[in-house]
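[1] just need the structure, nothing else, for what follows:
(2 chains)
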Amino acid sequence: MANKPKVYALSTCPYCKRTRRFLDDHKIAYDCIEVDLLDDEKQDEVLDEIEKMTGKRAFPVVIVGKEIIVGHDEEKLKKVFKV
Amino acid sequence: MTVPENVRVYCPVCQAKFKFTPNWKAGDIVICPICGQKLRLSLSKDEWVGERPEKGLEKEIRERTDEYARLKGYVFNDMKEELIQGLLAKNKRFGDFYCPCRMEHVPEFMCPCKPTRGGDVERNGKCYCGLYWKKA
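    Numbering: from 1, shown residues only, chains lettered A, B, ... in the order given. Down below sits the predicted model:
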């Protein structure tokens, strides 16, 4: 895959953990940003980015190429990653 | 001491006031009927307030969530334990039991959050993070 998938997550969110576990279990390499652990300035920047992409502040957000998956959705993950 | 009928008790979790029952006295343990928090009553500057006897402890959030569900007739599903762990992580990292699925660490998002207390479960079948569910 040209660009690694990106996951925006909250460190305390169990659904974000499930999404990460799914990717780990399927040996899919990804970059993860734990938004709640960023410093204030970086956090504002990332939240603006997420809101522009998804129209809301909900987690997890998985970006795979042009696909954006909001919330933990195994069916969508399986479809997008063809697993 | 006779307590006037309109006396109310302030809950520091849901930041609302509920009706004082005439036989209550300072030091009594009561449950906030709005959010399910266990409170120790005290009289402060002529106002009854509830203090959190187990503030920040795992016991506090487990009891609060169970009490709230009992008061409202809500149920949990298999995500409960993971969400409780998320609440504990919020408390450890951000100072109180804020919703584990929200970014904002503000009083209205302390569990059970304000939208939940405002009827989200009735409207949507579940609260924002999916801890509390309407009984099927």
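[2] show the pLDDT at the closest residue to chain B within chain A.
    When scored by Cβ to the nearest Cβ, chain A has residue A:14 as its residue closest to chain B, at 3.5 Å. Placement of C-beta: from N, CA and C, glycine included. In this prediction, residue A:14 carries a pLDDT score of 98.
[3] thought it was touching residue B:82?
    Yes - using Cβ atoms under 8 Å as the test, residue A:14 is close enough to residue B:82 to be in contact (3.5 Å).
[4] of those two, who's got more company?
    Taking other Cβ atoms under 10 Å in any protein chain shown, residue A:14 and residue B:82 do not tie; residue A:14 has more neighbours (23 against 17).
[5] what helix or strand does whatever residue of chain B ends up closest to chain A sit in?
    Going by Cβ to the nearest Cβ, chain A is nearest to residue B:82 of chain B, at 3.5 Å. In the assignment (DSSP states H and E), residue B:82 maps to helix B:80-94.
[6] not counting its own residues, what contacts that helix?
    Helix B:80-94 is touched from outside by A:11-14, A:17, A:36-37, B:56, B:58, B:61-62, B:65, B:96-101, B:105, B:111, B:129-131, with contacts defined as Cβ atoms under 8 Å, 6 or more residues apart in numbering or on different chains.
[7] for residue 16, list the residues it contacts.
    You didn't say which chain, so I picked chain A. Residue A:16 sits next to A:7, A:9-10, A:59-60, A:72 when contact means Cβ under 8 Å, 6+ apart.
[8] please go with chain B instead
    Shown in contact with residue B:16 (Cβ under 8 Å, 6+ apart): B:10, B:34-35.
[9] let me know the closest of those residues to residue B:43.
    residue B:10 (11.2 Å; Cβ to Cβ).
[10] quick check: residues of chain B near chain A?
    B:79, B:82-83, B:85-87, B:89-90, B:93-94, B:100-103, B:129 (Cβ under 8 Å from any Cβ of the partner chain).
[11] now do the lengthiest helix in chain A, average pLDDT.
    Counting by DSSP state H, the longest helix found in chain A is helix A:40-54. Averaging the model's pLDDT scores along helix A:40-54 yields 96.
[12] over to stretch B:122-130?
    For stretch B:122-130, the mean per-residue pLDDT is 97.
[13] quick check: phi and psi on the closest residue to residue B:107 other than its chain neighbours?
    Nearest residue to residue B:107 in three dimensions, chain neighbours excluded: residue B:15, at 5.8 Å (Cβ to Cβ, 6 or more residues apart in numbering or on different chains). Backbone torsions for residue B:15, taken as degrees, to the nearest 10, come to phi 60, psi 30.
[14] break chain B into its domains for me.
    Domain assignment of chain B by automatic domain parsing yields the ranges B:8-51, B:58-124.
[15] now tabulate those domains in JSON lines and tack on distance to residue A:49.
    Converted to JSON lines, those look like this (distance: least, Cβ to Cβ, whole Å):
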{"stretch": "domain B:8-51", "distance to residue A:49": "32"}
{"stretch": "domain B:58-124", "distance to residue A:49": "13"}
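[16] which among these is found nearest to residue A:51?
    Residue A:51 sits nearest to domain B:58-124 of all the domains of chain B, at 10.9 Å, using Cβ to Cβ.
[17] for that closest one, measure first residue to last.
    28 Å (Cα to Cα, to the nearest Å).
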